[in-house]
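Engineer: sequence first, then the predicted structure:
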Amino acid sequence: MIMAVNTIKIKKGRADEVLARFAQPKAVHTYEGFVWMEVLKSLNEEEYDEIKVCTTWESEDAFQNWANSRATRKMHDESPTAKKQEEDSPMLGAKLTKFEVVHRHAPATKE
């Protein structure tokens, strides 16, 4: 399994605006090999807000299939409206990091 973590820097005070976009499942949830998604909000950044969108996949291939389909869609969205939306965006930047899931532990069960 792999986990892809998209760390997004956001203009201070606008994190909830971005978090609302993740409140409901999206197309990513329908892709073969998708396991789950977690969205994390930083509690200790002072100059900007930060969220991490963490998706777990059965394999690197599954993640790449999703990422490649998403990149293709994004390439076609170069309209003037998209440019204006980019100017108004609360986002300051993003970085994608991939991890291999090596260990995972569930809570201990009480006997």
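Structural biologist: Perfect, thanks for sending it.

Engineer: kindly list the single helix or strand of this protein that scores lowest on mean pLDDT.
Structural biologist: helix 80-87 (a mean of 56; mean pLDDT, DSSP states H and E).

Engineer: residues in contact with stretch 59-72?
Structural biologist: 1-2, 4, 28, 31-34, 55, 57, 98 (Cβ atoms under 8 Å, 6 or more residues apart in numbering). For the C-beta atoms, the positions are set from N, CA and C on the backbone; glycine is no exception.

Engineer: so where does P25 fall, helix or strand?
Structural biologist: Applying DSSP states H and E as the criterion places P25 outside every helix and strand.

Engineer: next: K95.
Structural biologist: Secondary structure (DSSP H and E) places K95 in strand 91-100.

Engineer: what sits up against that strand?
Structural biologist: 1-11, 18, 48, 60, 63.

Engineer: pull stretch 24-42 out as PDB, backbone CA atoms only.
Structural biologist: The C-alpha trace of stretch 24-42 is given here as PDB (Å, rounded to 0.1, in the frame of the first residue of the first chain):
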ATOM      1  CA  GLN A  24     -18.400  14.900   0.500                       C
ATOM      2  CA  PRO A  25     -16.900  12.000  -1.400                       C
ATOM      3  CA  LYS A  26     -15.600  12.900  -4.900                       C
ATOM      4  CA  ALA A  27     -14.600  10.900  -8.000                       C
ATOM      5  CA  VAL A  28     -11.300   9.700  -6.300                       C
ATOM      6  CA  HIS A  29     -13.500   7.400  -4.100                       C
ATOM      7  CA  THR A  30     -14.600   5.500  -7.200                       C
ATOM      8  CA  TYR A  31     -11.200   4.600  -8.600                       C
ATOM      9  CA  GLU A  32     -10.000   1.000  -8.500                       C
ATOM     10  CA  GLY A  33      -7.300   0.600  -5.800                       C
ATOM     11  CA  PHE A  34      -8.500   3.500  -3.700                       C
ATOM     12  CA  VAL A  35      -8.600   2.500   0.000                       C
ATOM     13  CA  TRP A  36      -9.500   5.700   2.000                       C
ATOM     14  CA  MET A  37      -8.900   9.400   2.400                       C
ATOM     15  CA  GLU A  38      -8.200  11.500   5.400                       C
ATOM     16  CA  VAL A  39      -8.100  15.300   5.500                       C
ATOM     17  CA  LEU A  40      -6.100  16.900   8.200                       C
ATOM     18  CA  LYS A  41      -6.100  20.500   9.400                       C
ATOM     19  CA  SER A  42      -3.000  22.000  11.100                       C
END
